[in-house]
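Asks: This is the structure alone, sequence omitted:
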């Protein structure tokens, strides 16, 4: 158990809908990362937050957004869902954002399986 | 930009034999290298990392990895494979001013009884 908690574990929804994925980082971790894993694209970095502020952005679609709350949990919002958004979405956390300690390990949650039908 | 290549989609090995899962990287400056393992329907679990120092890094479950700067490689090894080692293995790199890890596409390790 990495200590990173993600809910829900599984989600099935229809095209055009909106879903929210939730993540609680490890105790003491200030930085949260979101990744998307699909068969054709592999593991893609979406976005990073550090202590409530957006720190880095990757291949995140405009239909997707995220935020990190004062209690450090994070949510990833996916809207206007398409069939191609079906994937495993991971949250990960680390102590710092990385610039001060690039060797920091990031720890992954178990993921949220999203199926768009 | 940083990148990672895992040249083998799948590695097959017999139980008890040594295993190697290959990883090469490209990054400017000093690399920070990581290996993760993903079991079916599970998240990625951290195995080991290279930051600096000894080129041979030891990690969880008897795995080790050898950093080779001249060959820009960070191959994962284990002296004696177990059937339970069968999983998807990911190599990742940070460096070149980016502190977001970039992951390889993964290598499926299959250990046959």
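Replies: Cool, the structure landed. Everything numeric in this text was worked out from a predicted model, so none of it was measured.
Asks: Sort out which residues of the top strand by length along chain B are buried, please.
Replies: The longest strand of chain B (DSSP state E) is strand B:87-95. By 16 or more other CB atoms under 10 Å in any protein chain shown, the buried positions in strand B:87-95 come out as B:87, B:88, B:89, B:90, B:91, B:92, B:93, B:94, B:95. For glycine as for every other residue, the C-beta is placed from the backbone atoms N, C-alpha and C.
Asks: hmm, the helix or strand just after that strand touching chain A?
Replies: Per DSSP states H and E, the first helix or strand lying C-terminal to strand B:87-95 is strand B:98-103. Yes: Strand B:98-103 lies within reach of chain A by CB under 8 Å from any CB of the partner chain, at B:99, B:100, B:101, B:102, B:103.
Asks: mind checking how far the fourth one is from residue A:56?
Replies: Okay, so that is residue B:102. The gap separating residue B:102 from residue A:56 is 12 Å, by CB to CB, to the nearest Å.
Asks: Common neighbours of the two, please.
Replies: residue A:45 (CB atoms under 8 Å, 6 or more residues apart in numbering or on different chains).
Asks: out of these two, which sits in the more crowded spot?
Replies: residue B:102 (22 against 17; other CB atoms under 10 Å in any protein chain shown).
Asks: From residue B:79, how far off is the closest residue to that one other than its chain neighbours?
Replies: Sequence neighbours aside, residue B:2 is the residue nearest to residue B:102 in space, at 5.0 Å (criterion: CB to CB, 6 or more residues apart in numbering or on different chains). Counting by CB to CB, the separation of residue B:2 from residue B:79 is 30 Å.
Asks: Who has more neighbours out of the two?
Replies: residue B:2 (20 against 11).
Asks: Check what pLDDT the more buried one gets.
Replies: Looking at residue B:2, its pLDDT stands at 88.
Asks: what's near enough to touch residue B:81?
Replies: By CB under 8 Å, 6+ apart, the neighbours of residue B:81 are B:13, B:14, B:15, B:16, B:17, B:18, B:19, B:109, B:111.
Asks: Repeat that for residue B:45.
Replies: A:2, A:108, B:36, B:37, B:38, B:39, B:60.
Asks: The third one: neighbour count?
Replies: Here the number of neighbours of residue B:36 (other CB under 10 Å) works out to 27.
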